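*Asks:* how would this look folded up:
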Amino acid sequence: MIGFCMTGSFCTHSEALGTLKKLASNYDVMPVMSETAYSTDTRFGLAADTVREVEKLCGRRVIHTVRDAEPLGPAIPLEVMIVLPCTGNTLAKIAGGVTDTAVTMAVKAHLRCSRPLVIGLCSNDAMSANLKNIGTAMNRKNVYFVPMRQDDPVKKPYSLVADFSLAEDTLEAAMRGEQLRPAFR
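*Replies:* Model prediction:
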């Protein structure tokens, strides 16, 4: 079984759902959503619609509380976990060891069992305030990144977005203990 975690970055949720659909056809998937992603309606869609789609694709209820995410790891072992999309805020928490959302708890619980974590970063401040967090996370054992690119270098010069088309390849490489290269496209 694999873990699939979603955080904010609402403009990328439709791509994340497309990736989840592909993964769910090949793997048994345990879905986790941050409290914000689980409950926030935006101009990109209604939270309830996203939750319903995730649950339909995975065939199980979304974990969306810290309490319910805590057993992932020792009690509910996952082969690999992906956070897609992973906001800069969530990346900062992962890099700093902060555990205050369902996703950060799921990540902590998963990593304490020395299993691979894949991060699909989607952040407007990736190459500014979050650059140090990318470096910190990349240097950590069992943490891998979906290759990323600048989505709009002119209007958003500090933004990076994961290449969703490489998420499954990144998962497979992570399960072999390898970072898919190049990490930046």
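*Asks:* which stretches of this protein form helices?
*Replies:* 13-26, 35-39, 47-58, 66-69, 88-96, 102-111, 131-138, 167-175 (DSSP state H).
*Asks:* so of the ones you listed, which one's packed in deepest?
*Replies:* Ranked by mean neighbour count under mean count of other Cβ atoms under 10 Å, these are led by helix 102-111, which reaches a mean of 25. From N, CA and C alone the C-beta is placed, and that goes for glycine too.
*Asks:* got the contact list for that one?
*Replies:* The contact list for helix 102-111, computed with Cβ atoms under 8 Å, 6 or more residues apart in numbering, reads 3, 5-7, 32-35, 38, 63-66, 68-74, 78, 81, 83, 90, 93-94, 97-99, 117, 142-143.
*Asks:* again, only using 6 Å
*Replies:* The contact list for helix 102-111 (Cβ atoms under 6 Å, 6 or more residues apart in numbering) reads 5, 7, 32, 34, 63-66, 69-70, 72-73, 78, 81, 90, 93-94, 99, 117.
*Asks:* same question for stretch 29-40.
*Replies:* So stretch 29-40 is contacted by 1-8, 23, 47, 54, 58, 62-64, 69, 101-103, 106 (Cβ under 6 Å, 6+ apart).
*Asks:* try it again at 8 Å.
*Replies:* Contacts of stretch 29-40 (Cβ under 8 Å, 6+ apart): 1-8, 10, 13, 20, 23, 47, 50-51, 54-55, 57-58, 60-65, 69, 72, 76, 78, 90, 101-103, 106.
*Asks:* likewise stretch 11-25?
*Replies:* Outside of stretch 11-25, the residues within contact range by Cβ under 8 Å, 6+ apart are 2, 4, 6, 29, 31, 37, 44-45, 50, 53-54, 57-59, 82, 84-85, 120, 122, 161, 164, 167-168, 171.
*Asks:* then stretch 56-76?
*Replies:* Here stretch 56-76 makes contact (Cβ under 8 Å, 6+ apart) with 1, 3-4, 17, 20-21, 24, 29-35, 38-39, 51, 54-55, 78, 81, 99-103, 105-106, 108-113.
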